[in-house]
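Visitor: what follows is a predicted protein model with its sequence.
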Amino acid sequence: GENVEQHPSTLSVQEGDSAVIKCTYSDSASNYFPWYKQELGKRPQLIIDIRSNVGEKKDQRIAVTLNKTAKHFSLHITETQPEDSAVYFCAASPGWAAGNKLTFGGGTRVLVKP
Amino acid sequence: NAGVTQTPKFRVLKTGQSMTLLCAQDMNHNSMYWYRQDPGMGLRLIHYSVGEGTTAKGEVPDGYNVSRLNKREFSLRLESAAPSQTSVYFCASSYTSSGSGEQFFGPGTRLTVL
């Protein structure tokens, strides 16, 4: 089955700096890669996603890049703010034909210091 | 719209007791999922359903049974709870069709097995 590894497990940045989280996946059949943000005691919420036919996607201060050949994808947060402090999870899916199953990475705890 | 709801929010069980967690969604999604999240870890898929009358095993199905009651509702049953099943359980739902992917999560059920 799919295996997703996520690094680093914790990340501390100064407000205004950038944060980068990296994930690798094992199954070349995976074609959908979402990123979820989970605040303490809350449910995971989708912040951005990318499909395998796209190399990069951006939404305001967040961007995701995908390298299919190397089987890795990354989340970039620019101009970090205290409200970006949370746990971020990457995931990989073989797509709708396989039921949109998600395999999650272990998570990255991001702390933005004011 | 309530989105995805879960009952109960919290539960404490003794080893060997049984319980059923219930998930409901009002977004007309065809697919529903049960995950567990252990401290400091990512979410792991227990079972899922891509439509009424169908269920399938995820990564960690042992010790759990599911029922897709109708399009809206998906239950997770622990027949004989064990301390290793202490976790936060999240239900999610999504469309399963070309171009789909985003899973919407419920608020979670915090289960402790003594």
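Guide: Nice, thanks for sending it over.
Visitor: got a list of what the residue of chain A found nearest chain B touches?
Guide: Per C-beta to the nearest C-beta, A:Phe104 is where chain A lies closest to chain B, at 3.6 Å. Yep, even glycine has a C-beta here, placed from its N, CA and C like the rest. By C-beta atoms under 8 Å, 6 or more residues apart in numbering or on different chains, the contact set of A:Phe104 is A:Val4, A:Tyr36, A:Phe89, A:Cys90, A:Ala91, B:Gly42, B:Leu43, B:Arg44.
Visitor: go through these and name the one nearest B:Arg110.
Guide: Ranked by distance to B:Arg110 (C-beta to C-beta), the contacts of A:Phe104 are led by B:Leu43 at 14.2 Å.
Visitor: so where's chain A uncertain?
Guide: Along chain A, no part satisfies pLDDT under 70.
Visitor: which positions in it make contact with chain B?
Guide: Applying C-beta under 8 Å from any C-beta of the partner chain, we find that chain A lies next to chain B at A:1, A:4, A:6, A:32, A:34, A:42-46, A:49, A:51, A:89, A:93, A:95-96, A:99-107.
Visitor: can I get the contacts of A:Phe104 in JSON lines with neighbour count and secondary structure?
Guide: Shown next, in JSON lines, are those (neighbours: other C-beta atoms under 10 Å in any protein chain shown; DSSP: H, G, I helix; E, B strand; the rest coil):
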{"residue": "A:Val4", "neighbour count": "23", "secondary structure": "strand"}
{"residue": "A:Tyr36", "neighbour count": "26", "secondary structure": "strand"}
{"residue": "A:Phe89", "neighbour count": "27", "secondary structure": "strand"}
{"residue": "A:Cys90", "neighbour count": "29", "secondary structure": "strand"}
{"residue": "A:Ala91", "neighbour count": "27", "secondary structure": "strand"}
{"residue": "B:Gly42", "neighbour count": "22", "secondary structure": "coil"}
{"residue": "B:Leu43", "neighbour count": "28", "secondary structure": "strand"}
{"residue": "B:Arg44", "neighbour count": "17", "secondary structure": "strand"}
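Visitor: who does the residue of chain A closest to chain B form a beta bridge with?
Guide: Counting by DSSP bridges, A:Phe104 is bridged to A:Ala91.
Visitor: repeat for A:Lys57
Guide: So, taking DSSP bridges as the rule, A:Lys57 has A:Val64 as bridge partners.
Visitor: now do the contacts for it.
Guide: Applying C-beta under 8 Å, 6+ apart, we find A:Lys57 in contact with A:Ile48, A:Asp49, A:Ile50, A:Ala63, A:Val64.
Visitor: what sits against the residue in chain B that chain A sits nearest to?
Guide: Residue nearest to chain A within chain B (C-beta to the nearest C-beta): B:Gly42, separated by 3.6 Å. By C-beta under 8 Å, 6+ apart, the residues touching B:Gly42 are A:Val4, A:Gln6, A:Phe89, A:Phe104, A:Gly105, A:Gly106, A:Gly107.
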